[in-house]
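Asks: missing the sequence, but the structure's below:
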């Protein structure tokens with residue numbers, strides 16, 4: 001689990017990154033963005049900077065929170081590939097981000113199982129008998 005981070009007027013950004021030499025696949029999932037104690041009734045825009053499927057850096061707003069009308073946003077485990085930077089683009093926060101981090105270890109290819117069964121390995125199913133009248 002990702003313990004979460006908080007974006008404020010003094011700490012406007014947070015970068016989640018993994019060791020580049022790590023041979024595992026990492027997924028960061030953002031589950032919730034919310035205003036916390038001390039937030040003003042102003043628009044707080046949170047944007048995320050990451051890489052798209054073509055490995056180009058992109059920045060996208062993911063939340064626009066305001067205390068009087070939308071203090072919390074559920075993102076249903078919005079999945080991202082690290083490194084990812086979260087930035088408070090507007091407002092003074094504090095905005096809390098919560099989610100989880102999953103590490104999937106790559107296994108040695110020599111241990112992969114073949115999904116295709118040979119004819120000898122396939123079990124023969126018994127033939128279906130017609131129902132008795």
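Replies: Structure's in. What do you need? What you see is a predicted model, and the numbers here were worked out from it, not measured in a lab.
Asks: Might you list the low-confidence residue ranges for this structure?
Replies: 1-3, 22, 106-133 (pLDDT under 70).
Asks: Point to the residue nearest the middle of it.
Replies: residue 29 (1.9 Å; C-alpha atoms, centre = their mean).
Asks: now that residue, nearest residue through space, not along the chain?
Replies: Leaving aside its chain neighbours, residue 29 sits nearest to residue 77 (4.0 Å; criterion: C-beta to C-beta, 6 or more residues apart in numbering). Every C-beta, even on glycine, is put in place using the N, C-alpha and C of the backbone.
Asks: The strand or helix carrying that neighbour: how far from the chain's middle?
Replies: Counting by DSSP states H and E, the element that carries residue 77 is strand 72-80. Centroid separation for strand 72-80 versus its chain: 7 Å, with C-alpha atoms, centre = their mean, to the nearest Å.
Asks: quick one: strands adjacent to the next helix or strand after it?
Replies: With elements assigned by DSSP H and E, the helix or strand that comes after strand 72-80 is strand 84-90. Strand 84-90 pairs in its sheet with strand 13-16 (antiparallel), strand 44-51 (antiparallel), by DSSP bridges.
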